[in-house]
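# How does the following fold in three dimensions:
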Amino acid sequence: MNKTWFMGYLGLLLLVGGVRSSVASEEGAGAELYARGLAVFKVDPEASINLFAKAAKLGDTQSMVVLGHCYRTGSGVKPGRKTAIQWYERAVDAGDLSSLYELGQLYGFADPKKRILPDYAKAIEYYEKAVEQGSLEACAELAALYASGPDPEFHDGEKAVKYASVLVRKNPKEAGGFDLLAAAHARNVEFDLAVKIATQSAAISALDLVEMRRERIEGYKKGRPFPATASDRWIFIAAEQNSVWAMETLACMHEDQDGRMYDLVSARLWHTRAVEKGSRESLVRLGLLCRRGQGGPVDMPMAYRYFKTAAEAGIEAAYAPLGRMYVGGQGSEVNFKLAREWYAKAAGTGNRAVALEYTVLRRAGDSMEYESGEQLFERAEKQKHIRFRPDGKSLSALDWSGKVFMYYWLAAEKGHTGAMQEVASIFYLGRDYFVSEGGPEFKGINIRVDYRRALDGYEQLAHEGIVLPELQECRTLCAAGIYTKKSIPK
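This next block holds a predicted model:
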């Protein structure tokens, strides 16, 4: 227990308020007990708490305040939020208006580990009463709750601006007030004002906080509130007012297959609007939607354009998709050299998912760039029956399966539907595909089940008019977050 801090607090109470004298005998007795409690706290905290409790029962307001503080902080007693609230409420009822702010703090406090949930409605009620008594601290708390509180249901831009404006007016040299006012205008979907005020905050900020405030300014320029949480209603309103962040977020909400707003047509629309307003993040998502024909027709030229723009802007998620476009000439020319370069960049970012395709491209001869999908498919079919190298030595399981996959994958990327089906089956079955083709010695090969890649292949086939039973199964598994055999619940 923090006795030193508590003694300092009690000393402050003595300096500011002193012990109230009273003509009434009960009040006088309460004040005497309160004074005795102060005197013995250092040597016997438990006895001190008992004296404060007796004084409070006799109506001593200072004792009620001190007991509220003790139970809140665990000074001289086991901490108890509920008991602290009771004592502060009694103090308010007895006329101590300084406790209004303390009650706001207690009702707004959350501790998930102890299962303590906040009651923001009650916190706001007490903060508003404290503001009426001139509390700037309560004013700041209200501005923060309405502008950037943890519960989006309590966000209110107009009220946030009202309270934050008071702070700036009262303390024009405090950057914190400008921070709250900027956040308030952002919550009010007034991002130009938010940028202007946040810039003022950065100008008077401590040097070690300037970078943090500059990052916040960049967020406001994109139409992103601080923090980046908002109700569905706010996101829709902000998106309609050209907030790029809101457009991106709304599009992703429409892409969520498990969400109540799942609608790929709307997802494609909002990603398109976000890109038109300068979004780089939506470029990759929009490219994938166009490539897969989700929310609209398949549009390979547009997919290529989106991936290329994103990749050249340094969006790492676009590197592999752009490389893939060059492999099959989908929306672009076939160019293995560029494909290798973009897959190499993707691999360089630590993206392990591209390792298989990157390995294939490095093994593929340049002549394959000019072969048709049909020619490559025929190579794969022939390779299934070739178990020996030209020098007569037998092919290893890894080498044989690698060549089969290489020819099928390149053929599939060039639009051969038969190859698409084989590649989808390889990712759907993993090494079992090769075991069934070549025997038990293929159990050790390094091609594993990947339901996301299998789904991509089956969806491509569906756009070609070939709908296989595995399509729905892969959709169900991926929607449940199951991407490999290992992640299937037993």
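# how close does Ala35 get to Phe41?
11 Å (Cβ to Cβ, to the nearest Å). From N, CA and C alone the C-beta is placed, and that goes for glycine too.
# When the two are compared, which one has more neighbours?
Comparing Ala35 with Phe41 by other Cβ atoms under 10 Å, the one with more neighbours is Phe41, at 23 against 15.
# What distance do you get for that one to Leu51?
In terms of Cβ to Cβ, Phe41 sits 9 Å off from Leu51.
# What residues does the most centrally placed residue in the chain make contact with?
For the chain, Ala228 is the residue whose C-alpha lies nearest the centre (Cα atoms, centre = their mean; 8.0 Å). By Cβ atoms under 8 Å, 6 or more residues apart in numbering, the contact list for Ala228 reads 219, 245.
# what do you get if the cut-off is 7 Å, keeping everything else the same?
Trp245 (Cβ atoms under 7 Å, 6 or more residues apart in numbering).
# Look at it and give its secondary structure.
Assigned by DSSP: H, G, I helix; E, B strand; the rest coil, the conformation of Ala228 is coil.
# phi, psi of it?
Backbone dihedrals for Ala228, given as degrees, to the nearest 10, come out at phi -80, psi 60.
# ok, Asp258 - how many residues close by?
Neighbours of Asp258 (other Cβ under 10 Å): 8.
# What distance do you get for the residue nearest to it when sequence neighbours are not counted to Gly28?
Among residues not flanking Asp258 along the chain, Ala479 sits closest, at 6.2 Å (Cβ to Cβ, 6 or more residues apart in numbering). From Ala479 over to Gly28 the distance is 73 Å, taken as Cβ to Cβ.
# and if you look at Ile49?
Plainly put, Ile49 is 21 Å away from Gly28 if you go by Cβ to Cβ.
# Settle it for me: which of these two has more neighbours?
Ile49 (20 against 15).
# Let me see the contact set for the more buried one.
Contact partners of Ile49, counting by Cβ under 7 Å, 6+ apart, are 70, 76-77.
# Tell me the one among these nearest to Ser148.
Ranked by distance to Ser148 (Cβ to Cβ), the contacts of Ile49 are led by Cys70 at 31.5 Å.
# For the closest one, give me its contacts.
By Cβ under 7 Å, 6+ apart, the residues touching Cys70 are 49, 76-77.
# Met261 contacts His254, correct?
Yes: look at Met261 against His254 with Cβ atoms under 7 Å: they come within range, at 5.5 Å.
# Settle it for me: which of the two has more neighbours?
More crowded of Met261 and His254, by other Cβ under 10 Å: His254, with 20 against 14.
# Check which helix or strand the more buried one maps to.
helix 244-255 (DSSP states H and E).
# and that helix, what does it pack onto?
Packing partners of helix 244-255 (3 or more Cβ pairs under 7 Å, 6 or more residues apart in numbering; DSSP states H and E): helix 232-240, helix 264-276, helix 281-292.
# cutoff 6 Å now
Under the contact definition 3 or more Cβ pairs under 6 Å, 6 or more residues apart in numbering; DSSP states H and E, helix 244-255 sits against helix 232-240, helix 264-276.
# tell me the angle of that helix relative to helix 281-292?
Put simply, helix 244-255 runs at 30 degrees to helix 281-292, going by axes from the mean of the first three to the mean of the last three Cα atoms, to 10 degrees.
# between helix 244-255 and helix 232-240, how many degrees?
In terms of direction (the same axes, to 10 degrees), helix 244-255 departs from helix 232-240 by 120 degrees.
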